[in-house]
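> Here's my sequence, what's the structure:
(chains A and B)
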Amino acid sequence: MNFNDYVFYVLAAILLFAGLRVITSRNPVHAALHLVLAFFTAAGIWLLLEAEFLAIALVLVYVGAVMVLFLFVVMMLDINLDKLREGFWEALPIALPVGILMTLEMVMILGSKHFGVDRVAAPTPHPAGYSNTAELGRQLYTDYLLPFELASVVLLVAIVAAIALTLRDRKDSKFIDPAEQVKVKRADRIRMVSMPADVEIPAAAETEGKDKA
Amino acid sequence: MNAIQSDLYAALPEIIILCMAMFVLLLDLFLKSHNRSLIYIFTQLGLAAAAVVTACTHNVSVVSYAFNGMFVDDPLSDVLKLMMYLTTSVMLVYTRQYVSLRDMFRGEYFALTLFALLGMMIMVSGQHFLTLYMGLELLSLCLYALVAMDRDNPRATEAAMKYFVLGALSSGMLLYGMSMLYGVTGTLDVAEVANALLQGAPDRSVLVLGVVFLIAGLGFKLGAVPFQMWVPDVYHGAPTAVTLFIGSVTKLAAFAFMIRLLIQGLYVLAIDWQGMLAIMAVLSILIGNITAIAQTNLKRMLAYSTISHVGYLLYGFMSAGTNGYVSAMFYIMAYVLMTLGGFGIMLLLSRKGFEADNLEDLKGLNQRSPWYAFLMLIIMFSMAGVPPTLGFYAKFAVLQAALQAGFVGLVIFAVVMAAIGGFYYLRVVKLMYFDEPLDNTPIKAPIDMKVLLSLNALLLLALGMFPQRLMDICAYAITHSFQ
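This next block holds a predicted model:
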């Protein structure tokens, strides 16, 4: 084993630990922080694979932006984890065997028999001065131009949808549309209430009258 | 430079729709609320322009690739795109009154509809797993937002949430299946995948597992049993205008998606996916038809009816022959026309603050308006598959193709289930003609909607009597698109 292998195993161990803590920790803030750790170590593994651009993008985008936003959300919303975990033990007797069975099936097919190291030729290391970023850019703007542009449309739709679903007119606006005022109908302003006639007073007057007589 | 020009030329209709969607978004900002109908007009103009371009650039039986083979312009895509413009345009006419009465007549409604259409066009023309997937995501994202568009309706929000979660899950499955295929064949290009498979890919078990995931993802998107849980809830919860969109136009895209993935890409594995489709088809017909009988809500009933229609569609696919695909394409065209009509009647009967989405609301329609009752009668007969209508011929063609492929038992089962399914369609007819109306509010609608709705229903009758023309178009599109 050379130095690279040691680095890989250390990073992989940290990644596994962090991933497990994300789903097991009781405190959502801890879970989010462990996710940050997981992203960071994954970026390290990508560096080992000579994918510098992706590694840096992962740190910048996920650790720097997405997870910080996520932490804000977690801290602002008062999430009761115990409620989320309700029914865990009742579902376990069914979920566990199903999960184990699925894992076994997938290991049988996706294991080293079909995707082992010996099945794939080892990649040749790139020469010095090879720029990952330039290569990626070239691919995106030539071979993958169409999906790249489509991705930008998807992002635009995400923005439009988010605004359409959340933006409302200002509640404190006092603006009045004259056309709306003219169109108003009687029924919009006046509510007819049917009240029972008061019958007790004449009855009382009658008895009074009888008394006098 | 020349290559880029020809690329852009092939994708011209998509570019028009994209520009129009962004134009509508911008225009909305500068319009006062009383001339909002300009947006509607521009949207329709955009659709018309795209249709003209698609028709003009259509080269008879020429298949041209663009963007490094990621995009294809063939007769199949042209025919399906033209049908999409038509149905989207008709849908906008039907829903115009409905959305303006519900505070949804905003630029976003039209822009998102156009973006969704763009996604579908990409799905129809995609020739690369990545392009196909991007088109699908574009479509789904627009649909989630459209379902939740009626923001103060908790049922719509719930439906959007369910749709979103299950949609994300199914996208994940599709991607997982695609990644396994990539792992074995080393390419994402549909044609190259087909080539690699033809030369005999070594890891058959991995391929089959990939196909399982692909089929599961497709099943979710189509709403086939056992992946149908979201269909009734989304149909019921979404505003009827959006339900109409989800129920009609998107099915055309789903059909093209299946053609591209299963037939152009994975035809070599037909022996594997045939069985999976057969199971889904049988279950869909069974559960769709039986559950629809118990519904009191018209939208839910039509949702289960969609599930059973998807089952019949899969009958066409599982026969895995040209006849089967042609009949499946015919079926999906017929289904789209029927759904447009059915939901059109529902939109016609709805008014401000009132949704005509219960079966009871159709009671005594004959006394309120004999003409619309007659139109609904045609639509219901067509959905049930009663002879002189289009629905009959569609079912007939699909089942005939399945019979030729040797699925005798399954065809008999489908015929029996069609008879059982007839019950709930005919119940609608009974409610319209033999019951007393619950309310006698006069039916008000714009004249263009009335004319189109009448044409739509009469078309079901006319095409049912003379189906050959439509059949020829489908046959042309299928046979000239595959080498």
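> from here on, contacts and neighbour counts on C-alpha atoms
OK.
> If you tally nearby residues, what's the number for residue B:233?
Each residue near residue B:233 was counted by other C-alpha atoms under 10 Å in any protein chain shown, and the total is 20.
> Does it touch residue B:160 like I think?
No. Contact between residue B:233 and residue B:160 fails when scored by C-alpha atoms under 8 Å: they sit 9.2 Å apart.
> Just the pLDDT at residue B:187, thanks.
As summarised for this prediction, residue B:187 has a pLDDT of 90.
> mind checking the SS state of it?
coil (DSSP: H, G, I helix; E, B strand; the rest coil).
> now residue B:104
Assignment for residue B:104 (three-state DSSP): coil.
> Over to residue B:449?
With three-state DSSP as the basis, the three-state label of residue B:449 is helix.
> contacting residues around it?
By C-alpha atoms under 8 Å, 6 or more residues apart in numbering or on different chains, residue B:449 lies in contact with B:93-94.
> One more: residue B:221?
B:167, B:170, B:254.
> any idea how far chain A is from it?
The gap separating residue B:221 from chain A is 18 Å, by C-alpha to the nearest C-alpha, to the nearest Å.
> That residue - that's part of a strand, no?
No. Using three-state DSSP, the assignment for residue B:221 is helix, not a strand.
> Would stretch B:236-247 count as contacting chain A?
No. Judged by C-alpha under 8 Å from any C-alpha of the partner chain, stretch B:236-247 makes no contact with chain A; its nearest approach is 14.1 Å.
> Can you get me the centre-to-centre distance for that stretch and its chain?
Its chain's C-alpha centre and that of stretch B:236-247 lie 12 Å apart, by C-alpha atoms, centre = their mean, to the nearest Å.
> Likewise for stretch B:29-46?
Distance of stretch B:29-46 from the chain centroid (C-alpha atoms, centre = their mean) equals 26 Å.
> List the buried residues of it.
B:36-37, B:39-40, B:42-44, B:46 (16 or more other C-alpha atoms under 10 Å in any protein chain shown).
> And stretch B:419-427, by the same measure?
Buried, per 16+ other C-alpha under 10 Å, within stretch B:419-427: B:420-426.
> I'd like those as CSV, with pLDDT and secondary structure appended.
CSV is the format used below for these (pLDDT from 0 to 100; DSSP: H, G, I helix; E, B strand; the rest coil):
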residue, pLDDT, secondary structure
B:420, 92, helix
B:421, 91, helix
B:422, 91, helix
B:423, 92, helix
B:424, 93, helix
B:425, 93, helix
B:426, 93, helix
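> can I get these in TSV with distance to chain A?
As requested, the buried residues of stretch B:419-427 are exported to TSV (distance: C-alpha to the nearest C-alpha, whole Å):
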residue	distance to chain A
B:420	36
B:421	35
B:422	39
B:423	38
B:424	36
B:425	36
B:426	39
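> quick one: residue B:482 from chain A, how far?
From residue B:482 to chain A the distance is 23 Å (C-alpha to the nearest C-alpha).
> burial of the closest residue to that residue other than its chain neighbours, as a residue count?
Ranked by C-alpha to C-alpha, 6 or more residues apart in numbering or on different chains and with sequence neighbours excluded, the top spatial neighbour of residue B:482 is residue B:264, at 7.6 Å. If you count neighbours by other C-alpha under 10 Å, residue B:264 ends up with 18.
> Identify the residue spatially nearest to residue A:54, adjacent ones excluded.
Computed as C-alpha to C-alpha, 6+ apart, the closest residue to residue A:54 that is not its neighbour in sequence is residue A:46, at 7.2 Å.
> Enumerate the residues of chain A near chain B.
So far as C-alpha under 8 Å from any C-alpha goes, chain A lies against chain B at A:109-110, A:114, A:143-147, A:150-151, A:153-154, A:157-158, A:160-162, A:164-165.
> Weed out the non-buried ones from these.
Here, 16+ other C-alpha under 10 Å leaves A:109-110, A:114, A:144-147, A:150-151, A:153-154, A:157-158, A:160-161, A:164 buried among the residues of chain A next to chain B.
> Could you pull out the strands in chain A for me?
Using DSSP state E, the strands of chain A do not appear at all; there are none.
> per-domain residue ranges of it.
Domain assignment for chain A by the TED database gives A:1-79, A:131-167.
> Tabulate the ones you listed (CSV), appending mean pLDDT.
CSV is the format used below for those (pLDDT from 0 to 100):
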stretch, mean pLDDT
domain A:1-79, 89
domain A:131-167, 91
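> So what's the residue count around residue 12?
Looking at chain A here, since you left the chain open. Residue A:12: 17 surrounding residues under other C-alpha under 10 Å.
> Sorry, I should have been clearer: chain B.
16.
> And the closest residue to it other than its chain neighbours, what's its pLDDT?
Ranked by C-alpha to C-alpha, 6+ apart and with sequence neighbours excluded, the top spatial neighbour of residue B:12 is residue B:53, at 7.3 Å. Residue B:53 carries a pLDDT score of 94 in this model.
> ok, now the one 4 residues further on?
Here the pLDDT value assigned to residue B:57 is 87.
> Could you check how far it is from residue B:399?
Using C-alpha to C-alpha, to the nearest Å, one obtains 35 Å as the distance from residue B:57 to residue B:399.
> With neighbour numbers in mind, choose between those two.
Each of residue B:57 and residue B:399 has its neighbours counted (other C-alpha under 10 Å); residue B:399 has more, 27 against 15.
> which residues does that one contact?
Neighbours of residue B:399 in contact, by C-alpha under 8 Å, 6+ apart: B:312, B:315-316, B:411, B:414.
> Return the distance of the helix or strand hosting it from the chain's centre.
Using DSSP states H and E, residue B:399 sits in helix B:390-404. Helix B:390-404 sits 19 Å away from the centroid of its parent chain (C-alpha atoms, centre = their mean).
> what do you get for stretch A:50-68?
18 Å.
> Would you indicate which residues of stretch B:183-193 are buried?
B:183-185, B:187-193.
> that older thread, select, from the buried ones among the residues of chain A next to chain B, the two members most distant in space.
Spanning the widest gap among those are A:114 and A:164, at 47.2 Å by C-alpha to C-alpha.
> Point out the residues in the stretch 1-150 of chain B that sit beside chain A.
Proximity of the stretch 1-150 of chain B to chain A (C-alpha under 8 Å from any C-alpha) is limited to residues B:67-68, B:70, B:108, B:112, B:115, B:130-131, B:134-135, B:137-138, B:141-142, B:145, B:148-149.
> Take the residues you listed and keep only those in strands.
Short answer: the residues of the stretch 1-150 of chain B next to chain A have none in strands (DSSP E).
> Pull out the buried members of those.
Using 16+ other C-alpha under 10 Å, the buried ones in the residues of the stretch 1-150 of chain B next to chain A are B:67-68, B:70, B:108, B:112, B:115, B:130-131, B:134-135, B:137-138, B:141-142, B:145, B:148-149.
> you'd agree residue B:434 is up against residue B:362?
No. Contact criterion C-alpha under 8 Å: residue B:434 and residue B:362 do not qualify, at 10.8 Å.
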